[in-house]
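1. I'd like to go over a predicted model; first the sequence, then the structure.
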Amino acid sequence: MLRAFGLGTILVVFWLLLSGHYTLMLISFGVGSSALVVYLALRMDVVDHEGVPLQLGGRFWLYLPWLMKEIFVANVAVAKVILHPKLPISPITVIFHGSQKTDIGRFIYANSITLTPGTITTGVEGQDFEIHALTYADVDGREEDEMDRRVTWVEQGD
Amino acid sequence: MEIVLDGLSWLCIVGGLFFMLVGTLGLLRMPDVYTRLHAAGMTDTMGAGLLLLGMGLQTIIGIVDGDGQYWFVLFRLVFVYAFLLFTSPIATHAVARAALHGGLEPYRAPAESAD
């Protein structure tokens, strides 16, 4: 029930930020449509730890700046490869073992890997992440291990 | 203040265009679909990210000038990037997975250049 209430609050705030028109009629439309979405989400049984991951709390927001930094570093590395006259790529597929216990943790880890250019998650089998990398240096382990630790810290929640 | 923000904004937009351009170049130079996805990933993380950051700085100039409507533009820009962060890796993953499922073998570097 707390999650449904949280989802409703997020939807109303989102609607208010996008709208910019604050008359009684328009606000009641916003509240009404948010309530309808929450009702449909409840009927679909997706208001759980995965659909509305409120349990992550503030940790996700602390993880985000680090992810942004990693995205920047990886982008510069891939840009160098692309601009290199010889195009020095050596694509490789590796299996990484993640330490996440929950599906939302695995979701964040797999998407974080794909978001950093140079590595793409092509499959997830239990705890094993199949990763396609542009060069071997992209999966030499250091960044992925640190990302693994940080995502596991995020999924433990507040 | 405004000249600093404007300068930073320009820097971000030019940087975003640079990454868009390099990503597109990579898309043309790479040998197969998997390696091309790496190049395409640059355009929607860094390319779009820096462009949106540059636009966001422009709205902050407007906010500093005292026009409250710019807050809404800023929120929308942030939402655009947030949605990109959630959707683009899923699309990338879906394309890679479909290619693997279709039996397309990933390109491997020729033996002499793979050290």
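-> Received it, and whenever you're ready, just let me know what you need.

2. ok, B:Phe86 - contacts?
-> A:Asn111 (C-beta atoms under 8 Å, 6 or more residues apart in numbering or on different chains). Quick note: C-beta positions are derived from backbone N, CA and C, even for glycine.

3. got the residues of chain A near chain B?
-> Contacts of chain A with chain B, taken as C-beta under 8 Å from any C-beta of the partner chain, map to A:14, A:17-18, A:20, A:71-72, A:75, A:78-79, A:81-83, A:87-91, A:93, A:110-111, A:114-123, A:132, A:134.

4. one more time with 6 Å
-> Counting by C-beta under 6 Å from any C-beta of the partner chain, the residues of chain A close to chain B are A:17, A:20, A:71, A:75, A:78-79, A:82, A:87, A:90-91, A:111, A:114-115, A:117-118, A:120-122, A:132, A:134.

5. Do you know the pLDDT at the closest residue to A:Ile82 other than its chain neighbours?
-> Nearest residue to A:Ile82 in three dimensions, chain neighbours excluded: B:Gly26, at 3.8 Å (C-beta to C-beta, 6 or more residues apart in numbering or on different chains). If you check B:Gly26, the pLDDT there is 92.

6. Quick one: name whatever helix or strand follows the helix or strand harbouring B:Gly26.
-> Using DSSP states H and E, B:Gly26 sits in helix B:2-29. As assigned by DSSP H and E, the chain's next helix or strand after helix B:2-29 is helix B:33-42.

7. does the residue nearest to A:Ile82 really touch B:Ala39, like I thought?
-> Yes: proximity of B:Gly26 to B:Ala39 meets the contact threshold set by C-beta atoms under 6 Å, at 2.8 Å.

8. Next, count neighbours for the nearest residue to A:Gly57 once chain neighbours are set aside.
-> Nearest residue to A:Gly57 in three dimensions, chain neighbours excluded: A:Asp158, at 3.3 Å (C-beta to C-beta, 6+ apart). A:Asp158 sits with 8 neighbouring residues when counted by other C-beta atoms under 10 Å in any protein chain shown.

9. So A:Asp158 belongs to a strand, correct?
-> No: using DSSP: H, G, I helix; E, B strand; the rest coil, the assignment for A:Asp158 is coil, not a strand.

10. Give me the pLDDT for it.
-> Looking at A:Asp158, its pLDDT is 71.

11. what do you get for B:Pro106?
-> Value listed for B:Pro106 in the pLDDT field: 86.

12. Show me where chain A dips below the pLDDT cut-off.
-> Flagging of chain A using pLDDT under 70 yields the residue ranges A:141.

13. Assign the residue nearest the centre of it to helix, strand or coil.
-> Chain A has A:Ile108 as the residue nearest its centroid, 4.2 Å off, counting by C-alpha atoms, centre = their mean. A:Ile108 falls in the helix class when you classify it by three-state DSSP.

14. Near the nearest residue to it once chain neighbours are set aside, how many other residues are there?
-> Leaving aside its sequence neighbours, A:Ile108 sits nearest to A:Val151 (C-beta to C-beta, 6+ apart; 5.1 Å). A:Val151 has 27 neighbouring residues, counting by other C-beta under 10 Å.
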